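S.K.: Let's see this in three dimensions:
(4 chains)
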There are 2 protein chains.
Amino acid sequence: MNIGEIARRAGVSRSTVSYALSGKRPVTEETKQRIQAVIDELGYRPNAAAQALKEGRTRTLGLVIPPASQRLTDMQLGFVASVVEAAARADLDVLLSPSGGDHDRSFERVISGRRVDGVILMEIRLEDERVVRLQQTGLPFVTIGHTANPHGICWVDVDYATLIARCVHHLADLGHRSIALINRSAELVAAGYGPAHRTLAGFAEAITARSLNGITLTCADDAAAGETCIEQLLEEHREVTAAVTINESALPGIQRALERAKLNLPQDFSIAGVAAQHSAEGFRPQLTAADVPTLEMGTSAVDLLLERIAAPETPTRHLLLTPPISLRASTGPAPIR
Amino acid sequence: MNIGEIARRAGVSRSTVSYALSGKRPVTEETKQRIQAVIDELGYRPNAAAQALKEGRTRTLGLVIPPASQRLTDMQLGFVASVVEAAARADLDVLLSPSGGDHDRSFERVISGRRVDGVILMEIRLEDERVVRLQQTGLPFVTIGHTANPHGICWVDVDYATLIARCVHHLADLGHRSIALINRSAELVAAGYGPAHRTLAGFAEAITARSLNGITLTCADDAAAGETCIEQLLEEHREVTAAVTINESALPGIQRALERAKLNLPQDFSIAGVAAQHSAEGFRPQLTAADVPTLEMGTSAVDLLLERIAAPETPTRHLLLTPPISLRASTGPAPIR
DNA sequence: ACAGTTCGTCGAATCGATTCGACGCCTCGG
DNA sequence: CCGAGGCGTCGAATCGATTCGACGAACTGT
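M.R.: Numbers count the residues shown, from 1 in each chain, chains lettered A, B, ... in the order given. All right, here's what the predicted structure looks like:
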């Protein structure tokens, strides 16, 4: 069931079948129909490996995701979903590589051997070995997130520093004087995970600018950790009346801990943050937050990658988004004590 | 940077390089080292497309997931994660196809053109066109879930009918006489989605066996729908003291609606169900539920698929799991009225 | 009427690997 | 001392597509 078989049955040469299919040279309408009839009858589809070998491209994109074992956040899921969808729209397949570590078989398999035409990388660290590795290989790639020195790299990111600072300013405007930052996990901070560090910087700057009392905490990426994090915060820092966070996965736990402490939002306590819309709207009351536009970011990442694949030597482009803060119901005037 | 280049630099023929790499014929140790040195220096990796073309296999599995646009449930995520992980352990890549509909470009692209060695399908309907299509092509595949007539198909599933019946019996033992079933969405039921129908059957059977009053409801797969579903239930069926569900995504909404109605679990109301462990433990109080062993199921699906790829004519096998119900805190004796 | 196009088709080369048959060399046994 | 057999290597065929150059037929213009 290969192109030769089709050619034989249609009584033409293999090249004619190929041209009939691709339209790269004219083929008589009658011949074309005869070929198409045979193809339909046999259900023929060109062998992808042979095409990839000859054309030098696989029509496949690599998507490097965090190790599958750990639960993905809503934001990460949003990226995966939009990348997969954008790729499908462009008639491209997506090859998954669950790779967190640096020397990873799966990652190497995907990027070497010309298995994909390009790669999208997420969960970027300030210093990221995978980025270095990709630069060595010369394979086109785009990152969602950016390294400390993103020169010569295509990327898409959200401006965590500015966004978290805006959250702090918003809370300061409402009269809050002591604000806590609930960051991602201590491990991620230690590993140099970009958003965690940029958030820290943006928070510190805004706290200083408004002469506030700032508390910074790290919190593992799950509900239970969020719960204990808030418990500890309420115990050790009674003066705190508001918190900002980028830790989506901790939100359900944060909510439960506040409920148990009989703190009503936003009368007794305010929370704001940066999160996927789904997480923000799942919070009760709904979370005042900068909604990370995962759909747009994933789509743009694919677009940038396709451009880069088409013209690898073109100057690199990037996209730094600062989505507006959606004022929902979780922030209000500071309580009077 | 192909095998010829390596051969030239190592001063041997291409076949010798190939044999040195595969070990399928003896190669002198000294020659082997010379070749390896060149390979390391140039960072050579064999071209995957050429290998796939010659060997007739791609070392890639296809994974058909629900359309990326809709949020995946915890259970679906669990399947994806464990399939990807199991594939990685077997040094296989995973190609994603977001295909819910029946005539889908992405699905066709993945299964035709010999792009993958086998396919794993999830979210199976009682009559599923994708299954029919795969049977036509002869491509090895395994389903997570099973069709109405699963003869001659490899599959892995959880016994929804039995599990939901056990939940009902458990509640009946606790004295509940009126029990509601919160099923998946009406659309899924209409589309012939297997678990929804089998749950319905198991529920009806258990209700009859214990001479109970059973209410069946459908509920879209999101928190908001869960909320309105419970509100409506409490309004229209005041006699109901317990519910069983397979709708994970509705759980957060169910929880909120019960809280708002000032019903304490399990004193005033009981809930049990079938869910991924993560969802069950995320519920407050923790949900008495049959924990769907997503890790085991995904892993088994990959194992079955690999067997099938290795020996396509072997008799089909399947796995129907009935995990025990974990008694947690969401079920208790029926309230006395 | 004839040279120059254009059109439709074909044969052969090519992409980068694997693998089969062959061949030379060395060793060992009779 | 010579034939058998094993070892290490090589050349060529092959997988299934694309694509280039060529070629005959029909068509155009002078």
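S.K.: Please enumerate the strands of the stretch 101-250 of chain A.
M.R.: Here the stretch 101-250 of chain A has its strands, by DSSP state E, counting those that start in this stretch, at A:118-122, A:141-144, A:154-158, A:178-182, A:213-217, A:242-245.
S.K.: which one of these lies closest to DNA strand C?
M.R.: Of all the strands of the stretch 101-250 of chain A, it is strand A:118-122 that lies closest to DNA strand C, at 17.8 Å by C-beta to the nearest atom of the strand. (Each C-beta comes from the backbone N, C-alpha and C, glycine too.)
S.K.: For the residue of chain A found nearest DNA strand C, give me its contacts.
M.R.: When distances are taken as C-beta to the nearest atom of the strand, chain A reaches nearest to DNA strand C at residue A:26, 2.8 Å away. The neighbours of residue A:26, taking C-beta atoms under 8 Å, 6 or more residues apart in numbering or on different chains as the test, are residue A:19.
S.K.: so which strand or helix has it?
M.R.: In the assignment (DSSP states H and E), residue A:26 maps to no helix and no strand.
S.K.: so can I have a markdown table of the strands of the stretch 101-250 of chain A showing mean neighbour count, mean pLDDT and distance to DNA strand C?
M.R.: Listed next are those as a markdown table, based on neighbours: other C-beta atoms under 10 Å in any protein chain shown; pLDDT from 0 to 100; distance: least, C-beta to the nearest atom of the strand, whole Å:
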| stretch | mean neighbour count | mean pLDDT | distance to DNA strand C |
| --- | --- | --- | --- |
| strand A:118-122 | 24 | 97 | 18 |
| strand A:141-144 | 28 | 98 | 21 |
| strand A:154-158 | 24 | 98 | 25 |
| strand A:178-182 | 24 | 98 | 49 |
| strand A:213-217 | 16 | 97 | 50 |
| strand A:242-245 | 28 | 98 | 48 |
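S.K.: Please point out which parts of stretch A:280-292 sit buried.
M.R.: A:280-284, A:287-292 (16 or more other C-beta atoms under 10 Å in any protein chain shown).
S.K.: my bad, stretch A:5-23
M.R.: Buried residues in stretch A:5-23 (16+ other C-beta under 10 Å): A:6-7, A:9-10, A:12, A:16-21.
S.K.: What residues does the stretch 151-300 of chain A have near DNA strand D?
M.R.: Residues of the stretch 151-300 of chain A lying close to DNA strand D by C-beta under 7 Å from any atom of the strand: none are found.
S.K.: Tell me where the stretch 151-300 of chain A has helices.
M.R.: Counting by DSSP state H, counting those that start in this stretch, residue ranges of the helices within the stretch 151-300 of chain A are A:160-173, A:186-190, A:194-209, A:223-236, A:251-260, A:277-282, A:294-310.
S.K.: Residue B:175: which of these is closest?
M.R.: Taking C-beta to C-beta as the measure, the helices of the stretch 151-300 of chain A were each checked against residue B:175, and helix A:251-260 came out nearest at 29.1 Å.
S.K.: in the closest one, what's buried?
M.R.: Neighbour-count burial for helix A:251-260, counted by 16+ other C-beta under 10 Å, picks out A:251-258.
S.K.: Please apply the same query to stretch A:185-192.
M.R.: Within stretch A:185-192, the residues that count as buried by 16+ other C-beta under 10 Å are A:185, A:188-189.
S.K.: Make JSON lines out of those residues and add pLDDT.
M.R.: What follows is the buried residues of stretch A:185-192, written out as JSON lines (pLDDT from 0 to 100):
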{"residue": "A:185", "pLDDT": "96"}
{"residue": "A:188", "pLDDT": "95"}
{"residue": "A:189", "pLDDT": "97"}
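S.K.: What average pLDDT does stretch A:7-18 get?
M.R.: When pLDDT is averaged over stretch A:7-18, the result is 96.
S.K.: how far does that stretch stretch from start to finish?
M.R.: Between the opening and closing residues of stretch A:7-18 lies a distance of 9 Å (C-alpha to C-alpha, to the nearest Å).
S.K.: now what about it, what contacts it?
M.R.: For stretch A:7-18, the external contacting residues (C-beta under 8 Å, 6+ apart) are A:3-4, A:6, A:27, A:31, A:34-35, A:37-38, A:42.
S.K.: How about the secondary structure of the most centrally placed residue in chain A?
M.R.: For chain A, the residue whose C-alpha lies nearest the mean C-alpha position (C-alpha atoms, centre = their mean) is residue A:79; its distance is 3.9 Å. Following DSSP: H, G, I helix; E, B strand; the rest coil, residue A:79 is assigned to helix.
S.K.: That one and residue A:122 touch, don't they?
M.R.: Yes. Distance between residue A:79 and residue A:122: 5.7 Å, which falls inside the contact criterion (C-beta atoms under 8 Å).
S.K.: so how many other residues sit close to the closest residue to residue A:150 other than its chain neighbours?
M.R.: Distances taken as C-beta to C-beta, 6 or more residues apart in numbering or on different chains place residue A:318 nearest to residue A:150, at 6.7 Å, with adjacent residues excluded. Residue A:318 has 15 neighbouring residues, counting by other C-beta atoms under 10 Å in any protein chain shown.
S.K.: In the stretch 1-150 of chain A, mark out all the helices, start to finish.
M.R.: Residue ranges of the helices in the stretch 1-150 of chain A, as given by DSSP H, counting those that start in this stretch, are A:3-10, A:14-22, A:29-42, A:48-55, A:74-89, A:105-111, A:129-137.
S.K.: just checking, what packs against the third one?
M.R.: In this structure, helix A:29-42 makes packing contacts with helix A:3-10, helix A:14-22, judged by 3 or more C-beta pairs under 8 Å, 6 or more residues apart in numbering or on different chains; DSSP states H and E.
S.K.: Tell me how far the nearest residue to residue A:268 once chain neighbours are set aside lies from residue A:177.
M.R.: Counting by C-beta to C-beta, 6+ apart, the nearest residue to residue A:268 once its immediate chain neighbours are dropped is residue A:335, at 5.6 Å. From residue A:335 across to residue A:177, the span is 11 Å (C-beta to C-beta, to the nearest Å).
S.K.: Also residue A:309?
M.R.: Remark: distance between residue A:309 and residue A:177 (C-beta to C-beta) = 51 Å.
S.K.: who has more neighbours, the two?
M.R.: The residue with more neighbours, out of residue A:309 and residue A:177 and counting by other C-beta under 10 Å, is residue A:309; that gives 18 against 15.
S.K.: what's near enough to touch that one?
M.R.: Residue A:309 sits in contact with A:57, A:117-118, A:140, where contact means C-beta under 8 Å, 6+ apart.
S.K.: Now with 6 Å, please.
M.R.: Contacts of residue A:309 were listed using C-beta atoms under 6 Å, 6 or more residues apart in numbering or on different chains, and they are A:117-118, A:140.
S.K.: Same check on residue A:168?
M.R.: Remark: with contacts taken as C-beta under 6 Å, 6+ apart, residue A:168 is in contact with residue A:206.
S.K.: pLDDT at it, what is it?
M.R.: Model confidence at residue A:168, expressed as pLDDT, equals 98.
S.K.: Check the gap between it and residue B:142 for me.
M.R.: Distance of residue A:168 to residue B:142, computed by C-beta to C-beta: 51 Å.
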